[in-house]
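In: predicted structure and sequence below. I'll ask about it afterward.
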Amino acid sequence: MKEISLRILNGTGLGKRKPRKNVASDVYLCIAPDVKVGKSVKFSKFINLYGCEVGDETKIGAFVEIQKNAKVGKRCKISSHTFICEGVTIEDEVFVGHNVTFVNDSFPRATSSTGTLQTEADWKVEVTLVKRGAAIGSGATILSNVVIGENALIGAGSVVTSNVPANAVVTGNPGRVVRYIDQGHDSGGQVDRLKVLRLKGSKSDLQPSV
């Protein structure tokens, strides 16, 4: 895999530099030649991308790794220390908080049945889909083979083990739906009103915005 040494200034532009020896003051990116990068994408320092796709106007934070056959859509924000593994598709306008981990294998093992160390060929990748407008809080873990619905909100530190409905708020380990949100959008697609709809059995069906 070819390594490219780059310096990013003020979060704008992306200029190639001739590879150099490690210097503490330098900022390095590792971007493989097969990565597809859209227009106006902003990268922070110390990222590792290979075989993936990043859409227009997306921002990638520091110490992020995105593996091959993963896709990040347009106008997404991927915060620092996040790991996006092979088989993950993130649609447009998704927020991913700091230190979020995606998983693509339900039964990982270090060795095969013969006792030899497993190779890439021994793994069967399980896919995950995060739909448009969803948000994932910092420290969450997203297990494989799940779909997170449009505009869903995953609470910080949650462990998502099953599909999440659109507009659902999920918290805990394992993650459970605790409420739903009703979003009103202005012409620019930004949320200007947020109602929290509690699940049946709660004291109130409607709570004001927080």
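Out: Nice, I can see it.

In: pLDDT of the top strand by length along the chain, averaged?
Out: Selection of the longest strand in the chain by residue count, based on DSSP state E, yields strand 176-185. For strand 176-185, mean pLDDT is 79.

In: flag every buried residue along that strand.
Out: Neighbour-count burial for strand 176-185 flags 176-181 (criterion: 16 or more other C-beta atoms under 10 Å). The way it works is simple: take the backbone N, C-alpha and C, and place the C-beta from them, glycine included.

In: again with stretch 103-116
Out: So for stretch 103-116, counting by 16+ other C-beta under 10 Å, buried means 103-105.

In: could I get the buried residues of strand 176-185 as JSON lines with distance to residue 140?
Out: What follows is those, written out as JSON lines (distance: C-beta to C-beta, whole Å):
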{"residue": "176", "distance to residue 140": "13"}
{"residue": "177", "distance to residue 140": "15"}
{"residue": "178", "distance to residue 140": "14"}
{"residue": "179", "distance to residue 140": "17"}
{"residue": "180", "distance to residue 140": "18"}
{"residue": "181", "distance to residue 140": "17"}
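
In: which of the residues you listed sits closest to residue 44?
Out: If you rank the buried residues of strand 176-185 by distance to residue 44 using C-beta to C-beta, residue 181 comes first, at 29.3 Å.

In: pLDDT score assigned to the residue lying closest to the closest one once chain neighbours are set aside?
Out: In this structure, residue 181 finds its nearest non-sequential neighbour in residue 167, 5.2 Å apart by C-beta to C-beta, 6 or more residues apart in numbering. Predicted confidence (pLDDT) for residue 167: 97.

In: and residue 167, what does it touch?
Out: Neighbour list for residue 167: 149-152, 180-183 [criterion: C-beta atoms under 8 Å, 6 or more residues apart in numbering].

In: those residues into a markdown table, with extra columns for distance to residue 56?
Out: What follows is the contacts of residue 167, written out as a markdown table (distance: C-beta to C-beta, whole Å):
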| residue | distance to residue 56 |
| --- | --- |
| 149 | 23 |
| 150 | 19 |
| 151 | 21 |
| 152 | 23 |
| 180 | 30 |
| 181 | 27 |
| 182 | 29 |
| 183 | 23 |
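
In: just confirm residue 122 contacts residue 112, I think it does.
Out: Yes. Residue 122 lies in contact with residue 112 (C-beta atoms under 8 Å); the separation is 5.7 Å.

In: returning to that earlier point: quick one: which of the buried residues of stretch 103-116 is nearest to residue 134?
Out: Taking the buried residues of stretch 103-116 together and measuring to residue 134 by C-beta to C-beta, the closest member is residue 103, at 17.0 Å.

In: right, and the closest one touches residue 142 too?
Out: Yes. Counting by C-beta under 8 Å, residue 103 touches residue 142, with 6.7 Å between them.

In: mutual contacts of the two, please.
Out: By C-beta under 8 Å, 6+ apart, the residues touching both residue 103 and residue 142 are residue 128.

In: thought residue 166 was touching residue 153?
Out: No. In this structure, residue 166 is not within contact of residue 153 by C-beta under 8 Å, at 10.8 Å.
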